[in-house]
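[1] need coordinates for the following:
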Amino acid sequence: MIKTAEERITQSRVRLLLTRPWFGQLAIRLKLRDASEWCPTAATDGRQFLFNREFVDALDDEELDFLVGHEVLHCVFDHMEARGDRLHRLYNAAADYNINMTLIKQNVGKIIGEDKLNGGKPCLDWKYDGWNSYEIYDDLLKDMPEAQGMDFHLDLDGDGEGEKQDGKGYKPMTSEERKALQDEIKQAVIQATQTAGGDAPDSVKRMIKELIAPKMDWKDVLRTNMESSIKADFTFLRPSKRSGQVIFPGMNKDEILKAFIAIDMSGSIGSELGVEMLSEVQGIMEQYVDYEIHVCCFDTRVYNYEVFTSDDGRSITEYDIQGGGGTDFDAVFKFLEEEEIEPDQLVMFTDGYPWGSWGNADYCDTLFVIHGDPRHAIESPFGVTVHYD
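    As a prediction, this is how the structure comes out:
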């Protein structure tokens with residue numbers, strides 16, 4: 001049976017979910033759109049995977065996986081905005097050099113052959129290994145080669161190639177729309193890295209670490225991570241604790257902010273600091289019609305567990321912070337399992353000095369807000385870490 005281009009791209013994304021889940025999770029969020037009228041190969045605007053039907057039909061499965069991964073990395077590295085005032089086609093080639101090497105190193109499909117590129121050559125030169133797109137661009141600028149990118153690069157502001165699409169089914173974005181898209185992609189990358197981070201390229205791991213570095217306000221990271229737990233369109237069902245690590249796409253739940261806040265009462269998180277932290281959570285809650293926030297204190301055990309919902313009218317700042325003792329993160333995860341609670345986001349306010357392990361890395365998305373001097377920063381072995389001085 002002959003498969004349509006849409007069916008083959010969908011199958012490619014499922015293959016990536018099973019074999020390269022970080023790429024698959026980010027690929028599935030892009031909506032498929034036939035742009036054969038004006039797009040010679042494929043393209044992305046950050047929200048859509050635009051494709052030429054004949055080009056997709058000419059690719060074998062491995063080449064198609066490479067193409068899907070290629071468009072994903074254009075979104076992740078924000079190449080639609082990062083070009084700035086650089087020469088359009090030359091920067092596009094620099095971006096493609098960077099992406100193609102990354103995909104080969106990550107073993108994502110196989111690079112598309114010259115016979116599929118209408119006489120062009122894919123951008124691949126290992127002398128650029130370890131370079132970023134700006135450095136590659138500066139080197140290419142010396143010789144001004146006739147670079148042939150593998151895909152078609154859109155101009156989100158309508159300056160350059162983008163003008164050719166305007167009026168043909170693709171409308172360039174406003175600056176406000178581009179900013180919203182950047183935030184959307186950033187949250188998607190953080191979420192994918194939390195759930196399948198071992199599969200992410202090293203350059204992305206460094207980028208995520210910079211996003212959550214100590215210089216970034218812990219309140220901003222808290223807000224970003226809690227809000228990113230709310231899925232739109234597609235969501236990715238977390239693996240059951242008993243079923244392994246395969247992540248499958250599925251329809252999302254109702255838009256409800258659902259989180260679990262655990263406060264380490266081993267000594268460094270006093271009542272005053274705890275109230276301040278809970279006040280930030282309250283501010284986030286108030287932006288949503290529906291929320292369900294679970295709160296507990298813990299040291300070597302969990303106590304004073306309460307639930308705050310949008311229906312009860314209570315403020316989370318009314319919570320009575322209690323305790324003092326050692327720090328056992330496993331106690332929190334054991335409590336979650338026993339109570340069969342699987343939050344979209346677990347937030348641990350702590351000093352970062354557990355007696356034993358840091359807990360169950362596979363249970364749920366976890367944000368550690370670590371109180372202490374960021375100059376001697378402690379990093380959690382999983383999840384996302386941010387520091388509060």
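[2] run the chain-centre distance for stretch 322-341.
    For stretch 322-341, the separation from the chain centroid amounts to 28 Å (computed by C-alpha atoms, centre = their mean, to the nearest Å).
[3] quick one: contacts of the helix or strand harbouring Asp138?
    In this structure, Asp138 sits in helix 133-143 according to DSSP states H and E. Applying C-beta atoms under 8 Å, 6 or more residues apart in numbering, the external contacts of helix 133-143 come out as 77, 79, 82, 86-87, 90-91, 93-95, 97-98, 128, 131, 147. C-beta: built from backbone N, CA, C; applies to glycine.
[4] what about those residues, which one has the most neighbours?
    Across those, neighbour numbers were computed from other C-beta atoms under 10 Å; Ala94 holds the maximum, 29 neighbours.
[5] pLDDT wise, what is that residue at?
    Looking at Ala94, its pLDDT reads 89.
[6] check contacts around the nearest residue to Asp65 once chain neighbours are set aside.
    Take Asp65 and drop its neighbours on the chain: the residue closest to it by C-beta to C-beta, 6 or more residues apart in numbering is Gly109, 3.2 Å away. Shown in contact with Gly109 (C-beta under 8 Å, 6+ apart): 61-69, 103.
[7] what's the domain layout of the chain?
    The chain resolves into domains spanning 5-172, 212-388 when parsed by automatic domain parsing.
[8] straight-line length of the first one, end to end?
    What it means is domain 5-172. End-to-end distance of domain 5-172 (C-alpha to C-alpha, to the nearest Å): 25 Å.
[9] chain center to that domain, what's the gap?
    18 Å.
[10] and what of the last one?
    Using C-alpha atoms, centre = their mean, we find the averaged C-alpha position of domain 212-388 to lie 18 Å away from the chain's own average C-alpha position.
[11] the helices in the stretch 101-250 of the chain, which residues?
    For the stretch 101-250 of the chain, the helices identified by DSSP state H, counting those that start in this stretch occupy 133-143, 162-165, 175-196, 202-211, 218-228, in order along the chain.
[12] any idea which of those is most buried?
    Neighbour counts (mean count of other C-beta atoms under 10 Å) averaged over each of the helices of the stretch 101-250 of the chain peak at helix 218-228, with a mean of 20.
[13] quick check: mean pLDDT of it?
    Averaged across helix 218-228, pLDDT comes to 72.
[14] what's the angle between that helix and helix 202-211?
    Helix 218-228 and helix 202-211 meet at an angle of 120 degrees, taking axes from the mean of the first three to the mean of the last three C-alpha atoms, to 10 degrees as the criterion.
[15] helices or strands up against helix 218-228?
    Using 3 or more C-beta pairs under 8 Å, 6 or more residues apart in numbering; DSSP states H and E as the contact definition, the elements that helix 218-228 packs against are helix 175-196, strand 257-264, helix 271-285, strand 345-350, strand 366-371, strand 384-388.
[16] one step back: looking at the contacts of helix 133-143, which is nearest Glu338?
    Relative to Glu338, the closest of those is Phe77; by C-beta to C-beta it sits at 42.3 Å.
[17] Phe335 versus the closest one, what's the distance?
    Computed as C-beta to C-beta, to the nearest Å, the Phe77 to Phe335 distance reads 40 Å.
[18] can you check Arg301 too?
    Where Phe335 is concerned, Arg301 sits at a distance of 8 Å (C-beta to C-beta).
[19] and what of Lys179?
    As it turns out, when the distance is counted by C-beta to C-beta, Lys179 lies 40 Å from Phe335.
[20] tell me the contacts of the nearest residue to Asp365 once chain neighbours are set aside?
    Counting by C-beta to C-beta, 6+ apart, Asp365 lies nearest to Gln194, which is 4.9 Å off, once chain neighbours are set aside. When contacts are counted by C-beta under 8 Å, 6+ apart, Gln194 touches 365-366, 383-384.
[21] alright, I will stop here.
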